[in-house]
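*Asks:* the following comprises the amino acid sequence and a computationally predicted model.
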Amino acid sequence: MMLEILTNAPLNTVQDLGRAGSLPFGVSCGGVMDRTAFILGNILVGNKPDAAGLEIVFFPFRIRFRQDCVFAITGAPAKVQLDAMPLPACWSMKARAGQTLALEAPKKGMRSYLTVAGGVDVPTLLGGRSTDIKGSFGGFEGRGLQKGDLLSCGTTTASLPVPVNGLGLAAHPPMPDKDGVELHVLPAAEYEEFTEQAQACLVQQPWRITTQTNRVGFRLEGDSALQTRNPLSLLSHGLLPGTIQVPPSGQPIIQMADANTCGGYPKIGIVSEPDLSFLSQMPPGGWIRFRMIDHEQALARLRAHRQYLRQMAEQVDTAKSHILTK
Amino acid sequence: MRISYAGVEAFLLDMSEGPFLDDIQTRIWSLENILKKKTEIQTVILGANNLLATFDCEKHEAADIRQILHTAWEQAGSAHITPRELVISVTYGGPDGEDLPFVAETAGLSEREIVALHTGATYRVAMVGFSPGFGYLTGVPKPLAIPRRNTPRVSVEQKSVCLGGGFTAVTPSKGPSGWHILGKAHCPDLFDVTEDDPCLLRAGDIVRFVSA
């Protein structure tokens, strides 16, 4: 099975769920930014959650299917057409050899995902198939996609094929509006080192996402800067995606998938799933607010989210078998 | 000991008492060895006098992991690491070592004295991190422990030998850096993605520099 890329799109990349196990080598976790949307895409085509697919941030984007193939589009609701046929959001479908898939820029959200049954078949390096743009390795030849690239797909192991007219999710995961997105935050190691005023500002003032926003980090801007009680000089320490660092400017940076594995700035909080996936769909210029939660609440949110994904996998299989036997 | 959350499924164990201490790091290496054998721990990321450990919240309670970290730290004596020894040849100064004059001026020494100090010391890899294969080398002579640049450079060449925050290092790849560049290293690649063990440097290794 082959996918032919018809658009030059250096920021559109092959991604999976990343290389968390290679962080000790100094290798970024990487992987998709919106894990929720991507896992749902893999569920729709009958893949394991970590099968590789495409993260699409540059539109319009077009591909041609060289052979028959079951695919799904999830994430930011791009305007999707398979040849002349428009497709609903969060939909999976069987494409015939020779058909072209076109995605136009979504009105909401930043990243759409293309998953294919069997997964995009690129070599596994250091436990992952995702493209590490900084390190120029992984994914397809360690780079973003170019017109003429041919991507192989693996053999599908899905127990059920997709129904003729396709199949999609009735309830789409929410896409953030440009304004007023609320993110839940767990206090990080130096939270108590910040002034009471800084702790209050963190949750009371709105934060604007600046244009310095990419797969490495989201830089934020607020009216009042966040200051520590005393100047802190920290030694380098491991850093995971979601960590909110505060450099001397007092304007926070949220570390994202391609963050460096070590850092030394004070950390005021941690954004976890499902909020981190939600944040990744926010555009520069968008506004966010923070709400502090404790570990028990953060844990409950994460567990509920994983439970939701497991349920979706079961429901999709149930729906497929129901339609197919009808 | 300070243990704080570094994520919903991660703890940061911080043993630092101000400036970096070699003795603490030796025990951190030992702690890493113990934790790597624990099935409850997923990934261990070494830091400078600290360590980050991740776990799976579907399988384990945070309180149990916290207890494992406590117990492991008590058990961690000095690490049983058989260090490898690397000697790296360096061309100091010139266009590939443009901060040598600045470092000399800041330290109040001649460029030749800086090179003598840098080549005279024995370094150990405290940890690997920041970027793929980047080893933080500890053992920097006092006069060379100068603060980082006020403004980081947007791009520093691969295999630059640099100084920053009391550490020295050889940059594995081209990229931004706030460290001072002393010269150019002549050594194998510090990171090879195709290897199972992709890093030239490992925590605990001994490194010496010689002037090319």
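*Replies:* Great, that's in hand.
*Asks:* going forward, measure contacts and count neighbours with C-alpha atoms only.
*Replies:* Noted.
*Asks:* ranges for the helices of the stretch 1-150 of chain A?
*Replies:* Ranges of helices in the stretch 1-150 of chain A, per DSSP state H, counting those that start in this stretch, are A:35-44.
*Asks:* give me the below-cutoff pLDDT ranges for it.
*Replies:* Residue ranges of the stretch 1-150 of chain A with pLDDT under 70: A:1.
*Asks:* report the separation between the closest residue to chain B within it and residue B:125.
*Replies:* Residue nearest to chain B within the stretch 1-150 of chain A: residue A:26 (3.9 Å; CA to the nearest CA). Counting by CA to CA, to the nearest Å, the gap from residue A:26 to residue B:125 is 13 Å.
*Asks:* just the helices in the stretch 151-300 of chain A please.
*Replies:* Secondary structure of the stretch 151-300 of chain A, counting by DSSP H, counting those that start in this stretch: helices at A:196-204, A:275-279, A:295-325.
*Asks:* buried residues, the least confident helix or strand in chain B by mean pLDDT. List them.
*Replies:* Sorting the helices and strands of chain B by mean pLDDT, DSSP states H and E puts strand B:175-177 at the bottom, at a mean of 87. The neighbour-count criterion (16 or more other CA atoms under 10 Å in any protein chain shown) identifies residue B:177 as the buried residues of strand B:175-177.
*Asks:* one more: stretch A:310-326?
*Replies:* For stretch A:310-326, burial by neighbour count (16+ other CA under 10 Å) applies to A:312, A:313, A:316, A:317, A:320, A:321.
*Asks:* circling back: so which of the helices of the stretch 151-300 of chain A is nearest residue A:167?
*Replies:* Residue A:167 lies closest to helix A:295-325 among those, at 7.7 Å (CA to CA).
*Asks:* so how far is that closest one off the chain centroid?
*Replies:* Helix A:295-325 sits 18 Å away from the centroid of its parent chain (CA atoms, centre = their mean, to the nearest Å).
*Asks:* got the angle between it and helix A:35-44?
*Replies:* Between helix A:295-325 and helix A:35-44, the angle comes out at 30 degrees (axes from the mean of the first three to the mean of the last three CA atoms, to 10 degrees).
*Asks:* now do helix A:295-325: which elements does it pack against?
*Replies:* helix A:35-44, strand A:181-187 (3 or more CA pairs under 8 Å, 6 or more residues apart in numbering or on different chains; DSSP states H and E).
*Asks:* pull up the pairing partners for the shortest one, direction included.
*Replies:* To tie it back to what came earlier, the one meant is strand A:181-187. Partner strands and pairing direction for strand A:181-187 (DSSP bridges) are strand A:267-271 (antiparallel), strand A:287-292 (parallel).
*Asks:* deepest of those, which one?
*Replies:* Each of those was scored by mean neighbour count; the highest is strand A:267-271, a mean of 26, by mean count of other CA atoms under 10 Å in any protein chain shown.
*Asks:* which residues touch the residue nearest the centre of chain B?
*Replies:* A centroid search over chain B (CA atoms, centre = their mean) returns residue B:136, at 2.0 Å, as the residue closest to the centre. With contact taken as CA atoms under 8 Å, 6 or more residues apart in numbering or on different chains, residue B:136 is in contact with B:125, B:126, B:127, B:128, B:129, B:167, B:168, B:169.
*Asks:* repeat for residue A:113
*Replies:* Taking CA under 8 Å, 6+ apart, we find residue A:113 in contact with A:37, A:38, A:41, A:53, A:54, A:55, A:56, A:72, A:73, A:74, A:75, A:76.
*Asks:* and if we set it to 10 Å?
*Replies:* Contacts for residue A:113 (CA atoms under 10 Å, 6 or more residues apart in numbering or on different chains) come out as A:12, A:14-15, A:32, A:34-35, A:37-42, A:53-57, A:72-78, A:90.
*Asks:* do residue A:150 as well
*Replies:* Residues near residue A:150 by CA under 10 Å, 6+ apart: A:1, A:2, A:3, A:4, A:5, A:6, A:63, A:64, A:65, A:66, A:140.
*Asks:* residue A:118 too?
*Replies:* Applying CA under 10 Å, 6+ apart to residue A:118 gives the contacts A:1, A:42, A:45-48, A:51-53, A:69-71, A:152-158.
*Asks:* and with 8 Å instead?
*Replies:* Contact analysis of residue A:118 by CA under 8 Å, 6+ apart lists A:47, A:51, A:153, A:154, A:155, A:156, A:157, A:158.
*Asks:* over to it: give its phi and psi.
*Replies:* Phi and psi for residue A:118, reported as degrees, to the nearest 10, are phi 100, psi -20.
*Asks:* just name the most buried of the helices and strands packed on helix A:295-325.
*Replies:* Among the helices and strands packed on helix A:295-325, highest average neighbours (mean count of other CA under 10 Å) belong to helix A:35-44, with a mean of 27.
*Asks:* is that helix anywhere near chain B?
*Replies:* No: judged by CA under 8 Å from any CA of the partner chain, helix A:35-44 makes no contact with chain B; its nearest approach is 15.9 Å.
*Asks:* elements contacting that helix?
*Replies:* Helix A:35-44 makes packing contacts with strand A:69-75, strand A:91-95, strand A:112-116, helix A:275-279, helix A:295-325 when contacts are defined by 3+ CA pairs under 8 Å, 6+ apart.
*Asks:* would you list the ones you listed in a markdown table and tack on distance to residue B:86?
*Replies:* A markdown table is the format used below for these (distance: least, CA to CA, whole Å):
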| stretch | distance to residue B:86 |
| --- | --- |
| strand A:69-75 | 48 |
| strand A:91-95 | 54 |
| strand A:112-116 | 45 |
| helix A:275-279 | 41 |
| helix A:295-325 | 44 |
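*Asks:* with respect to residue A:101, which of these lies nearest?
*Replies:* Smallest distance to residue A:101 across these (CA to CA): 8.7 Å, for strand A:91-95.
*Asks:* run the chain-centre distance for that closest one.
*Replies:* Centroid separation for strand A:91-95 versus its chain: 21 Å, with CA atoms, centre = their mean.
*Asks:* same deal with stretch A:21-40?
*Replies:* Between the centre of stretch A:21-40 and the centre of its chain there are 9 Å (CA atoms, centre = their mean).
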